[in-house]
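Enquirer: here is a sequence with its predicted model. Questions after.
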2 protein chains.
Amino acid sequence: MNIDSIRFADRFNGISGSAIREIFKLLAVPGMISFAGGNPSPDSLPGEKVGEIANALLQEKGKILLQYGATEGYAPLKESLVSYLKDRFSFTCTAEEILPVTGSTQAMDLLCKALLNPGDKVVVESPTFLGNMQCLNLYQAHLIPVESDDDGINVDKLEEVFKTEHPKMLYIIPTFQNPTGRTLSLERRKRIAHLASEYGVVVAEDDPYRDLRYTGSELPSIKSFDEEGWVAFMGSFSKVISPGLRVGYLVAHPNILRKCTIGKQSSDVHTALVNQAVVDYYLRNDLLMPHVETIRNSYGEKADTMLQMLSKCGGVARYTKPEGGLFIFCELEEGQDATALLKKAVEKGVAYVPGTHFYANGGHHNTFRLNFSMPSVEQIKIGMEKLSDVFSR
Amino acid sequence: MNIDSIRFADRFNGISGSAIREIFKLLAVPGMISFAGGNPSPDSLPGEKVGEIANALLQEKGKILLQYGATEGYAPLKESLVSYLKDRFSFTCTAEEILPVTGSTQAMDLLCKALLNPGDKVVVESPTFLGNMQCLNLYQAHLIPVESDDDGINVDKLEEVFKTEHPKMLYIIPTFQNPTGRTLSLERRKRIAHLASEYGVVVAEDDPYRDLRYTGSELPSIKSFDEEGWVAFMGSFSKVISPGLRVGYLVAHPNILRKCTIGKQSSDVHTALVNQAVVDYYLRNDLLMPHVETIRNSYGEKADTMLQMLSKCGGVARYTKPEGGLFIFCELEEGQDATALLKKAVEKGVAYVPGTHFYANGGHHNTFRLNFSMPSVEQIKIGMEKLSDVFSR
């Protein structure tokens, strides 16, 4: 029988892979200045240090680190995370409430696996991170976008949706959001924790950028206001140590975490041990925050440069002013089409991501996302001038 | 709202986590001789070597290995796998047909994600690996067990099931099967490849033990007889380099692999790069087979010892005689209960896994699985004498 007669699972209906993967293929041209990615700067990746640490750990306890590990995670890392979360994310938890995962993408996948039946309603910010929207779509969730402003998601609208639609989950990136760079205000954080508990909605709080703050003051996590256990917190070391290592973590109520752990048993058994041990080494020996400090200095300068260039960029009507993270979200004049203009931009040697991909229902064709962590300050200056040319005409 | 009111996904109905995890908790007693696990021997784990390799790779190309990678996998590893698969598994494929995964457990998860709707029928060997049965259960598959004999699964029964039940998938471990240690005969391999294509059933061929042959001759993979692309091949380096690194691979027709790759995007984005690069280094520099040779010598002696001890073990009615792998499957006299006797065995300081857990529909309480890779030759002798005592009474 010809393989074309194969029937795939219904969860793939209407799913064609990430649209921006096609964009990234355009970027392989040498000399292209890309504001399209979400990658850390190569300068920020501590290859030599991680090499030394991994080697030392494997010489010392290779028999443990190369053996099968517990699905529940590498115990020393969980211990280190308890202190780190208390210091940096202002909430207290026990090691039993933490599940190390293979990048925080897996935390999202496991939460969906634990909670979602096809057709279950999930609230997302509008716009939001398209990777995790794809995850939700593969679980056949019914996405309900709720708009956001400079203080993050509109919580009055959110309560209305909780009340009338009875969603099972809210997916939210409270700090330096992807794609907007916006940060959810303190009041809204408190209110969301309260609403989650009032209406029985699981909050999937995705907070990978928090340590990358260049100005302003830190805010406590939504999880820190969680009393009943409805907030599940997803963290990552991809932006502050390395994405290639694939180490993140999920903090959740033991009832939720138990299901996620069973789900992980048949997803990948456990996260690679030496990778967990390297992250543990960074935390345990206080190497993380000094390293983050160097990244902050570099990215902060890049963010400033891009914001300055945006202030005089032709055709741009509005843009966000993030206090940290990796992204700025922009609007062209109404009626302009950022998807159509991308082709022109790429011809001129500069790229971005059209904003429409970050909206659950598409549209918003006049929006686009800029990344400032990957390019150099010089590339930002040159690239933004090129964009100004493209958009001015 | 109290968290106890949370509604989990239907896929968790009736799933309580792996039953043998409870057994493993019994084994933490110091001095326990365990025939229960499926772990490689600690002696076989090349901690020092992997440490040196990882360090050298990270010094040389840390900026690549710590950055985000392609979901499709690390290109040099895919290149090395093409040669390895041709040499060792007797089939030819291109790099585009290979997806490196986070342990072959993830290959199973992705195949299920790509193919299975709730209620879809999947044929499994009876008995079979309980980890992947749990994966199938989480995808709400309807499992159809087909019995096996010393030559592997009964292919006449299999054809009957293909004809009458129209399953979507066959999950099979053709070489040194878990839990039986049996190897599917050449004729049956050919016939299964043929039946898959005739009836349009995807074969998930799981072959992690192949390189661990202690006697007899190698057989070509089922995949090597696949003409239309219905056979998906899942491989692993967990038994021959390290399970802690979590590197496996899936080889499948591009149509199938495309869905698995999209599934992987939202599972964990990509498999950790330095882990892929370490495996590539082993393959590229011909380090794998000399390393496997040392493992074979050690495990072969252990297998011989256990088989010899079994030949005089009280109460044991029948047992398989594997030519490789990690396991021997045994039957007590009809009416004996290996689950009940496990408690007595553990009291005496020796453990195994009751066979009932490996059967899709349970039962078979007189069966049990023994592992010989973890214990030393001395422990095998002592442990088997203890078991003989327990079973003789």
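Expert: Okay, I see it.
Enquirer: tell me how many other residues crowd the residue nearest to residue A:219 when sequence neighbours are not counted.
Expert: Leaving aside its sequence neighbours, residue A:219 sits nearest to residue A:186 (Cβ to Cβ, 6 or more residues apart in numbering or on different chains; 5.4 Å). All C-beta spots, glycine's among them, are computed from the backbone N, C-alpha and C. Neighbours of residue A:186 under the rule other Cβ atoms under 10 Å in any protein chain shown: 13.
Enquirer: again, but for residue A:44
Expert: Quick note: residue A:44 (other Cβ under 10 Å) scores 23 neighbours.
Enquirer: ok, the spatially closest residue to it that is not a sequence neighbour - how many residues close by?
Expert: Leaving out its chain neighbours, the residue that sits closest to residue A:44 by Cβ to Cβ, 6+ apart is residue A:295, at 4.7 Å. Using other Cβ under 10 Å, residue A:295 has 21 other residues around it.
Enquirer: three-state assignment of residue A:295?
Expert: helix (DSSP: H, G, I helix; E, B strand; the rest coil).
Enquirer: my guess is it meets residue A:209, correct?
Expert: No - if you go by Cβ atoms under 8 Å, residue A:295 and residue A:209 don't touch, sitting 11.1 Å apart.
Enquirer: quick one: low-confidence residue ranges for chain A.
Expert: A:17-22, A:393 (pLDDT under 70).
Enquirer: phi and psi next, for the residue most central in space within it.
Expert: Chain A has residue A:208 as the residue nearest its centroid, 5.5 Å off, counting by Cα atoms, centre = their mean. Main-chain torsions, residue A:208, degrees, to the nearest 10: phi -80, psi -10.
Enquirer: hang on, isn't it packed against residue A:236?
Expert: Yes - under the criterion of Cβ under 8 Å, residue A:208 makes contact with residue A:236 at 3.9 Å.
Enquirer: now do the shared contacts for the two.
Expert: Jointly contacting residue A:208 and residue A:236 under the rule Cβ atoms under 8 Å, 6 or more residues apart in numbering or on different chains are A:104, A:248.
Enquirer: now do the same contact list for the residue nearest to the centre of chain A.
Expert: Contacts for residue A:208 (Cβ under 8 Å, 6+ apart) come out as A:104, A:173, A:234-236, A:238-239, A:248.
Enquirer: recalculate using a threshold of 6 Å.
Expert: If you count contacts by Cβ atoms under 6 Å, 6 or more residues apart in numbering or on different chains, residue A:208 has them with A:104, A:236, A:239.
Enquirer: just to revisit the earlier point, how far away is the residue nearest to residue A:219 from chain B?
Expert: 23 Å (Cβ to the nearest Cβ, to the nearest Å).
Enquirer: any idea how far residue A:27 is from that residue?
Expert: As judged by Cβ to Cβ, to the nearest Å, residue A:186 and residue A:27 stand 38 Å apart.
Enquirer: over to residue A:242?
Expert: 21 Å.
Enquirer: when those two are compared, which one has more neighbours?
Expert: Taking other Cβ under 10 Å, residue A:242 and residue A:27 do not tie; residue A:242 has more neighbours (29 against 14).
Enquirer: number of residues surrounding the closest residue to residue A:255 other than its chain neighbours?
Expert: Distance criterion Cβ to Cβ, 6+ apart; nearest residue to residue A:255, sequence neighbours excluded, is residue B:3 at 5.9 Å. Residue B:3 has 17 neighbouring residues, counting by other Cβ under 10 Å.
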